[in-house]
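**Student:** generate coordinates for the sequence data below:
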Amino acid sequence: MSRVKRFEQAVDFLVDDVRRTTREVDVDDLDVLLDQLEAARHVVIFGRGRSGHVAQSFATRLAHLGFKSYVVGETSTPPVSDEDVVLLVSGSGETFSVTLTGRIARDVDATVVSVTATPDSALAEDSDHVVHLPVETTPTSGELAPLGTRFELAAHAVFDGLVAELMERLDEDESSMQDRHATLE
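**Tutor:** Predicted structure coming up:
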């Protein structure tokens, strides 16, 4: 018997869950988000905790695609205006610093987009556009994917899928993206 039985169960569960969740995302919502990103002067991204790490990964890929993308809290992030998109990532949609960032962005007339598992959250209510990731909760999910793991993995997959879509829309390829990849790491 395998000593990593729980590991195998968890991986199978997570892969199936990400596939199911991403297939249930409204593609029209994704299309609107893509149009907003393409029209933005700057894309400023924020999330906290592991959702924040996923958000930072997406900001990096956008920079590789040639977008002027930034992460809230970095000293090089420019002021936000009505020409910018502020993309906020929160599974609960109730994380105080994320919802506060959304309200501040709205006050300067930036376009606020939220990616959340909770479409009736405070974050979603304050957003111009919402991408809902329909993550289900089941009794066994906490044993195989604790806390926000299901949302975070689904968000990461959605963002990477959007990168592939943007590559096609912008006629980018891995070579052109590599030209924008960091040389000092």
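
**Student:** how about the residue nearest to Ala122 when sequence neighbours are not counted, what does it touch?
**Tutor:** What sits nearest to Ala122 in space, not counting adjacent residues and going by CB to CB, 6 or more residues apart in numbering, is Thr99, at 4.9 Å. (Glycine included, C-beta is placed from N, CA and C.) Going by CB atoms under 8 Å, 6 or more residues apart in numbering, Thr99 touches 90, 93, 122-123, 126.

**Student:** could those residues go into JSON lines alongside secondary structure, pLDDT and neighbour count?
**Tutor:** Output for these, formatted as JSON lines (DSSP: H, G, I helix; E, B strand; the rest coil; pLDDT from 0 to 100; neighbours: other CB atoms under 10 Å):
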{"residue": "Ser90", "secondary structure": "coil", "pLDDT": "95", "neighbour count": "32"}
{"residue": "Gly93", "secondary structure": "coil", "pLDDT": "92", "neighbour count": "26"}
{"residue": "Ala122", "secondary structure": "helix", "pLDDT": "95", "neighbour count": "21"}
{"residue": "Leu123", "secondary structure": "helix", "pLDDT": "96", "neighbour count": "27"}
{"residue": "Asp126", "secondary structure": "coil", "pLDDT": "94", "neighbour count": "19"}
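
**Student:** what about the residue nearest to Ala122, helix or strand, and which?
**Tutor:** helix 96-107 (DSSP states H and E).

**Student:** quick one: name whatever helix or strand follows that helix.
**Tutor:** strand 111-116.

**Student:** right, and the helix or strand after the lowest-mean-pLDDT helix or strand in the chain?
**Tutor:** Taking mean pLDDT, DSSP states H and E as the measure, the helices and strands of the chain show their lowest mean at helix 141-144, namely a mean of 72. Later in the chain than helix 141-144, the nearest helix or strand by DSSP H and E is helix 149-169.

**Student:** what residues does that following helix touch?
**Tutor:** Against helix 149-169 from outside (CB under 8 Å, 6+ apart): 14, 17-18, 21-22, 25, 30, 33-34, 37-38, 50-51, 53-54, 57-58, 61-62, 65, 89, 91, 115, 117, 131, 133, 135-136, 141, 145, 172-173, 177.

**Student:** what angle sits between it and strand 111-116?
**Tutor:** Put simply, helix 149-169 runs at 130 degrees to strand 111-116, going by axes from the mean of the first three to the mean of the last three CA atoms, to 10 degrees.

**Student:** distance between the helix or strand following helix 149-169 and the chain's centre?
**Tutor:** Toward the C-terminus, helix 149-169 is succeeded by helix 174-178 as the next helix or strand (DSSP H and E). Averaging C-alpha positions (CA atoms, centre = their mean, to the nearest Å) puts helix 174-178 22 Å from its chain's average.
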